[in-house]
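S.K.: Sequence below, structure please.
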Amino acid sequence: MDPISFLDTQRSPLRLSVNTRGGPMIVPLWFYYESDSLWCASHKNSLIVSAIGAGASCGFDVSTNDIPYRGVRGRGTARCEPEAGARVLERLLDRYLPDRDNSLARWLLSRADDEVAIEVVPVRLSGWDYSERMRGLKK
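M.R.: Have a look, this model is predicted:
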């Protein structure tokens, strides 16, 4: 499996893991892959934005939730980019929602000025695919 092709087409959330003072945190986030980075967005007051701050080591996973299981996982560095928050949010809405004419899109866009972009730069990236070993299994 080509990890980059998978990231370009997969619509399940990225699961981002960072360490905090209280222990590990895992957060599902919408994402897109561009220029060797994974891009997400979250509200400026969210715990994940606080945990990342100016930069943090992280782990991540993007995988299917249905049989046959396959995905991409890795390690990298996450950093917050407040000035790109609204732009990244709009791109995420276009990727994950059929259109912007719905209550979720309107609510998220009403808070766009408070969104912070999160850039995850992978240091290690690997793909996995259990399609062969799960052949014949049903959901």
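S.K.: and the longest helix for this structure?
M.R.: helix 85-96 (DSSP state H).
S.K.: Buried ones in the strand ranked longest in the chain, by neighbour count?
M.R.: Assignment by DSSP state E gives strand 115-129 as the longest strand of the chain. For strand 115-129, a neighbour-count test (16 or more other CB atoms under 10 Å) marks E115, V116, A117, I118, E119, V120, P122, L125, G127 as buried. C-betas here are computed from N, CA, C, even on glycine.
S.K.: Report all helices and strands that that strand contacts.
M.R.: Helices and strands touching strand 115-129, by 3 or more CB pairs under 8 Å, 6 or more residues apart in numbering; DSSP states H and E, are helix 3-9, strand 14-20, strand 37-43, helix 47-52, strand 56-63, strand 70-81, helix 85-96.
S.K.: Show me what it pairs with in its sheet, parallel or antiparallel.
M.R.: strand 37-43 (antiparallel), strand 70-81 (antiparallel) (DSSP bridges).
S.K.: possible to save the buried residues of strand 115-129 as CSV with distance to L47 and pLDDT?
M.R.: Formatted as CSV, the buried residues of strand 115-129 follow (distance: CB to CB, whole Å; pLDDT from 0 to 100):
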residue, distance to L47, pLDDT
E115, 15, 97
V116, 12, 97
A117, 16, 97
I118, 12, 98
E119, 18, 97
V120, 16, 98
P122, 22, 97
L125, 25, 93
G127, 29, 91
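S.K.: May I ask which two of the residues you listed are separated the most?
M.R.: E115 and G127 (29.3 Å; CB to CB).
S.K.: Nearest to L137, out of the helices and strands packed on strand 115-129?
M.R.: When those are compared (using CB to CB), the closest one is strand 70-81, at 13.3 Å.
S.K.: residues touching N19, list them.
M.R.: N19 makes contacts with M25, A51, A56, S57, as judged by CB atoms under 8 Å, 6 or more residues apart in numbering.
S.K.: thinking the second one is in contact with M25, fair?
M.R.: Yes: with contact defined as CB atoms under 8 Å, A51 reaches M25; the gap is 5.8 Å.
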